[in-house]
Every structure is written in C-alpha cells, then in structure tokens.
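Enquirer: Fold the following and give me the result.
(chains A and B)
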Amino acid sequence: MHVAKDLVAASATPMVLGILAGGESYGYAILKQVSELSGGQLEWTDGLLYPLLHRLERLGFVESSWQTPPSGRRRKYYRITKQGRAELAEQRRQWAAVVDALKGVWHTTGDVRPATAG
Amino acid sequence: MVELEAQIAEWRGYVRRRGAVHEADAEELEDHLRNTVSELVESGLSHDEAFLVAVKRMGNLDDLSREFAREHSGRLWKQLVLSGGPEATASAIPIWRRDWFIMLVCAALAAVSIKVPELFGYSLAEDDLFYQRNITLFALAPLAIYFVWRRRPSPVAIGALVGLFALGVFGANAYPLKEGSQSIVLTVIHLLLALWLTVGLAYVGGDWLSDRKRMDFIRFTGEWFVYYVLIMLGGGVLTAFTGGVFNAINIDVEDFIGYWLLPCSALAAVVVAAWLVEAKQSVVENMAPVLTRVFTPLFTAVMLAFLVAVFWTTTGINVNRDVLIIFDLLLAVVLGLLLYSISARDPLRPPGVFDRLQLALALSALLIDVLVLAAIMGRIGEWGSTPNKMAALGENVILATNLAWTAWLLIEFIRGHTPFTRLEQWQTRYVGVYALWAWIVVLVFPPVFNFM
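Expert: This next block holds a predicted model:
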C-alpha cells in the first residue's frame, strides 16, 4: 500500500516532533524510525526531511547542534524545545479530532471494500 | 571505494551549485547519503548500486533545492528573485538581459511622463505646486507598471494597484492646498510613503500576505535606495561637466539641464535603479545590511550621548517645526537600521553581541521617542493642534509601539525564549500600519485641518 503524498506531508511535522520528543536524533535516524513505525508504508523522499527540520528550527520548535563522535564525521543533531512540545500537543489534539471523526464515518458507512465482480 | 568517494564528491558539487543549499546543509545531506550507502552495502549491494539507490532516495535535486530555497529565501535573495517564478530559477538567460526591454520602456515612460503636463499648459518652471503634488505619481507609477509587467500578478491585485494609484491622484489633487502650507508638505511626504508601499504590492506580485515576500520588498527598498543615490551622484557629476564644457563655448545649457536633463533622468533613474537591484544581485554584496552594521554602533553611541546630556542638563526638548522633523527622521533612520539588520540576519544563528547592540539601539531610541512624545503632547495641550504636530504625534506613537515590541522581542530572543522569526514577522506585519497611517495623513488630514 502507498500513502498519498498530501497525507505524508500533513503528518510529517507531528511525526518528526513526536520522534524528537523521545530524545535527540539526526536526520537519517529519524527517517529510519518513521519507516519502522509505519511498517514501511510511509515513504518520504529522504532529502525533503532536511528543509522540514530547518523550518521547525526557524520556528523554534527544535534546536540543533553539530556533534563529532571520537571516530568519524561530524553530524547535526536535533532536539525538541519547550515550544516544540507545546506544538506537538496541539497537533496531537487536532489529529485526534480528525481520527475520531473518521472513525465515526467508518462506523456509519460500514464495509466499503470495492465489490468484486462475480 | 575510491570511486565511491569521487562519486559522493561529485554529487556534493552538484548540490552546492544550487544557491539555496549552503555548505553546512550539503554536509548534512552528505552524511545522510553515506548512511544510506553503508546500510545498503551491508545488505549486499555493491558500492555503485548502493550509491545510485541512495541518490535516488534523496530525491530530485531540483525539488530539493526548491524546498531549501523556499525555507531559506533570504539566502537566495542575493542570487535571484524568487517571485520571478520557476522559470527564473531554471532558465540560464540572466535576468539582466530578459528584463532589459521592460526596463527601457518603463524608464522612458517615467522620463516622458513628467514632460507630458507641459502639453496641457503646466510649465515646469512656473507651476511648482502642480509638480510638487504629482511628482511621486510620475515617479512611482512607471515603477509599478514595471513590476506588474515582470511579475504578472492576478487581476485582483492589478485592480487593487489601479485603485490605490487612483486614490493617490485624488489625494494629490482634489484638495485646495496652498503652496508652502503645512498640509502640502505633509501630503507630499506621506503620498510618497503610501505609493512606495503600493509599489511593494506590485513587487510581491500581489502576494501581500506572505511575510517572506514582504521581507524581500524591505530588502529591495534598501538596495534600491543605495543604487538610486549612487546613480544621482554620478548624474550630478555628469551634469556639472555638461554645464561647464558648454559654458566654455558660450552656449547656455542651464534651461536644458534644469527642465529636461535633471527631471527626466531623475525619474527614469527610479526604474533603472529597481532594475539594477534585481539584475545585479549576484554581483554585489547587498549594501544596505553592510551600511547597517557600520552605523548601528555609531547611532547608538550618539543617542546614548544625547540621553545623558538631556538628563545631565535636565533640559526638555524644545519642540518647534525643525526639531520635530529632526527627531522623526532620527527615529525613522533607527527603524531602518533595525529593519536592515533583521532582513540580513540568518534567523537560525544564535543570539550574539550584535543583537545586544541592537537592543541598546532600540531602547535608547524608545527613550528619546518618549521624551519627544511628552514634548509634543505638552505643546498640543498648550497651543492647540496643527497638522504638523498631529502628524508628528501619530508617527511617534507608531514608532514607539514598534520599538517597544521590538525591544521586548529582542530581549526574549537574547534570553533564548523565542525564535528570531517572531521579530521578522513583527516587522513585516507592521508595514501595514505605516501604509494605513500614510493614507490617513494624505486623505483625512487636509479636510480635518481645513487645508491649513
């Protein structure tokens, strides 16, 4: 199954903030986690994560720092801020409302699998 | 393995060639690419295959750089103007040549427009009043046309532009203002501001709600001013030589210079300067922010010295007409200094010494503003109101509000409580207040004060 582009885009911010709420991380690891959490159903274009992270940083939701492990190349880590947590809580509320509404709709319409011929 | 390094280096080169992706971003992306490659290699792919897959997953470079450009529009401003649309990013033809023709037509239009009224009997030599009232219209309407031509805004935006310029014509000519009266001076100054912001509407292609585009217009204003002053200085030298050499052979060119060369070229230069700002962005480092850096500490020092002197001598500010203008100009300059450092600042950089300096600048300007406000209100209470005093009062209230909130946001930013973006948004949104006030002074003040 493939999740539509618009849905991926809409869920990107809460997804990233939620992952960062679990501890600081860097781009590659965030993407891995997204793919694990969604069972590979959410497909992101890898590169586009970075402009998103920069936007969240500009808005003050995350902060970043370059860290160099003893062996290896330096890497940019992102950390969620207090403002970011507030934003995450707000997004969670909104998503819960959407999901609740959809559940109601699914309930009333019943089974919507396309009828198979024959 | 060596080959992989070469491939990665080459890929990074491609990424960096896009203006919007900076070195640090390229490094971040490269780290990601290397992670993907090594994971794929571990799962059994060859280096070559792994590299290809990793690059593919990273996404189309054009899309990627467009996203970066959208997020970091300030960076890209130097290279090209975003509002030019996607074809401007893609095409290899420099903006320089594409817009040459549009610029030429609009500049010619500006040059001719000031001579057209002579056909209807308004002489440049004698009808000072007519030209005082309308000079901003002659200067800025062609500039607005230039931007409409280039940006092709929606019909609604064009309608708004036409409406605002019509309002400008009305404000300039409908009221019986006498030469040398307070009202005519106020109208001329505020019409300039109101119409310049109207040009801004054309500059942003009608997308007036976008903070980023408003900020682009603020940047444009600063660069335009620098270019215009440079062109006028050069023009002054040329004019002096023209007069001098023709004088030597006893031909008097004074009238030609005064009534043709000077007015026509000054108006054409408005459009030429705008075109230069856009065409030459990549050639010169933006000037306004550089000047800002130099003058912010100096202005802060002067204002602090002034404040010390006021408190030391306990002399209140003696408000008369010239003094009011000096202080209004001073506060406007301070606001300009603040605006241009904000426009050039990378919002992601952590607070530094310069931000503290700016806070000092904002606070000292605020203090002076309060002193001036107190003095003006005292005068109004004692002698009644005049258009000048009321306009000064309004301007000081508007500037004081802006400075106070700016200072507060700077404090919050320095303490790490709020991102820098808040300050940017505050300044770009406040532009609407200036526009509103300018139109009020042009349209409402004259009848209220009986055309004094």
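Enquirer: which residues of chain A score low on pLDDT?
Expert: The model of chain A has pLDDT under 70 over residues A:1, A:111-118.
Enquirer: Just want the most central residue of the chain.
Expert: You didn't say which chain, so I picked chain A. Centroid-nearest residue in chain A: residue A:15, 1.9 Å away (criterion: C-alpha atoms, centre = their mean).
Enquirer: how much space between it and residue B:261?
Expert: 64 Å (C-beta to C-beta, to the nearest Å). All C-beta atoms are positioned from the backbone trio N, CA, C, and that covers glycine.
Enquirer: ok so, going back, give me the element the residue nearest to the centre of chain A is part of.
Expert: Under the assignment given by DSSP states H and E, the secondary-structure element containing residue A:15 is helix A:5-21.
Enquirer: tell me which strands and helices the helix or strand following that helix is in contact with?
Expert: Read in the C-terminal direction, the helix or strand following helix A:5-21 is strand A:25-26, with elements assigned using DSSP H and E. Contact analysis of strand A:25-26 by 3 or more C-beta pairs under 8 Å, 6 or more residues apart in numbering or on different chains; DSSP states H and E lists strand A:75-80 as its packing neighbours.
Enquirer: Helix, strand or coil: sort out the residue of chain A found nearest chain B for me.
Expert: Ranking the residues of chain A by distance to chain B (C-beta to the nearest C-beta) places residue A:60 first, at 3.2 Å. Classification of residue A:60 using DSSP: H, G, I helix; E, B strand; the rest coil returns coil.
Enquirer: Show me where chain B dips below the pLDDT cut-off.
Expert: Within chain B, the segments meeting pLDDT under 70 span B:1, B:19, B:73-98, B:280-286, B:319, B:321.
Enquirer: Now for the residue of chain A closest to chain B: which residues touch it?
Expert: Under the criterion of C-beta atoms under 8 Å, 6 or more residues apart in numbering or on different chains, the neighbours of residue A:60 are A:81, A:83, A:84, B:418, B:419, B:421, B:422.
Enquirer: Among these, which one lies nearest to residue B:394?
Expert: residue B:422 (25.7 Å; C-beta to C-beta).
Enquirer: which SS class is the closest one?
Expert: helix.
Enquirer: cool, residue B:385 as well?
Expert: coil.
Enquirer: measure it to residue B:394 for me?
Expert: 11 Å.
Enquirer: Quickly find the element holding residue B:434.
Expert: Secondary structure assigned from DSSP H and E places residue B:434 in helix B:421-443.
Enquirer: Next up, the contacts around residue B:440.
Expert: Taking C-beta under 8 Å, 6+ apart as the contact definition, residue B:440 lies against residue B:394.
Enquirer: With residue B:167 instead?
Expert: For residue B:167, the set of contacting residues under the criterion of C-beta under 8 Å, 6+ apart consists of B:439, B:443.
Enquirer: Got the phi and psi for it?
Expert: Listed backbone geometry of residue B:167 is phi -60, psi -40, with angles given as degrees, to the nearest 10.
Enquirer: how about the contacts of residue A:60 in a markdown table, adding distance to residue B:37 and neighbour count?
Expert: Compiled in a markdown table, the contacts of residue A:60 are given as follows (distance: C-beta to C-beta, whole Å; neighbours: other C-beta atoms under 10 Å in any protein chain shown):
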| residue | distance to residue B:37 | neighbour count |
| --- | --- | --- |
| A:81 | 32 | 20 |
| A:83 | 35 | 17 |
| A:84 | 31 | 23 |
| B:418 | 39 | 17 |
| B:419 | 34 | 22 |
| B:421 | 35 | 17 |
| B:422 | 40 | 17 |
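Enquirer: Name the nearest of those residues relative to residue B:378.
Expert: Using C-beta to C-beta, those come closest to residue B:378 at residue B:422, 35.2 Å.
Enquirer: Close to chain A: what parts of chain B are there?
Expert: By the rule C-beta under 8 Å from any C-beta of the partner chain, the part of chain B lying against chain A is B:24-25, B:27-29, B:31-32, B:34-36, B:57-60, B:63-64, B:67-68, B:70-72, B:347-348, B:418-422.
Enquirer: Filter these down to the buried ones.
Expert: For these, a neighbour count by 16 or more other C-beta atoms under 10 Å in any protein chain shown gives the buried set as B:25, B:27-29, B:31-32, B:34-36, B:57-59, B:64, B:67-68, B:71-72, B:347, B:418-422.
Enquirer: quick one: residue A:64 is in a strand?
Expert: Yes: membership of residue A:64 in a strand is supported by three-state DSSP.
Enquirer: Verify the stated contact: it with residue A:80.
Expert: No: with contact taken as C-beta atoms under 8 Å, residue A:64 and residue A:80 are classed as non-touching, separated by 11.0 Å.
Enquirer: Just want to know which of the two has more residues nearby.
Expert: Here residue A:64 and residue A:80 are compared on neighbour count by other C-beta atoms under 10 Å in any protein chain shown; more neighbours surround residue A:80, at 23 against 18.
Enquirer: Help me confirm that the more buried one comes into contact with residue A:57.
Expert: No: look at residue A:80 against residue A:57 with C-beta under 8 Å: they stay out of range, at 10.7 Å.
Enquirer: Which residues of chain A lie near chain B?
Expert: Contact residues, chain A versus chain B (C-beta under 8 Å from any C-beta): A:26-28, A:31, A:45-48, A:50-51, A:54-55, A:57-60, A:73-76, A:83.
Enquirer: Closest approach to chain A from the stretch 101-250 of chain B, which residue is it?
Expert: Among the residues of the stretch 101-250 of chain B, residue B:212 lies nearest to chain A; the distance is 11.0 Å by C-beta to the nearest C-beta.
Enquirer: er, the stretch 251-400 of chain B actually
Expert: residue B:347 (5.2 Å).
Enquirer: Now do that residue against residue B:50, distance only.
Expert: With distances taken as C-beta to C-beta, residue B:347 is found 36 Å from residue B:50.
Enquirer: For the closest residue to residue B:38 other than its chain neighbours, give me its contacts.
Expert: Computed as C-beta to C-beta, 6 or more residues apart in numbering or on different chains, the closest residue to residue B:38 that is not its neighbour in sequence is residue B:50, at 7.9 Å. For residue B:50, the contacting residues are B:36, B:37, B:38, B:40, B:41, by C-beta under 8 Å, 6+ apart.
Enquirer: what's the offset of the helix or strand encompassing residue B:66 from the middle of its chain?
Expert: Using DSSP H and E, residue B:66 sits within helix B:61-71. Centroid separation for helix B:61-71 versus its chain: 25 Å, with C-alpha atoms, centre = their mean, to the nearest Å.
Enquirer: Neighbours of the nearest residue to residue B:228 once chain neighbours are set aside, how many?
Expert: Spatially, and ignoring its direct neighbours in sequence, residue B:228 is nearest to residue B:273 (4.3 Å; C-beta to C-beta, 6+ apart). Using other C-beta under 10 Å, residue B:273 is surrounded by 21 other residues.
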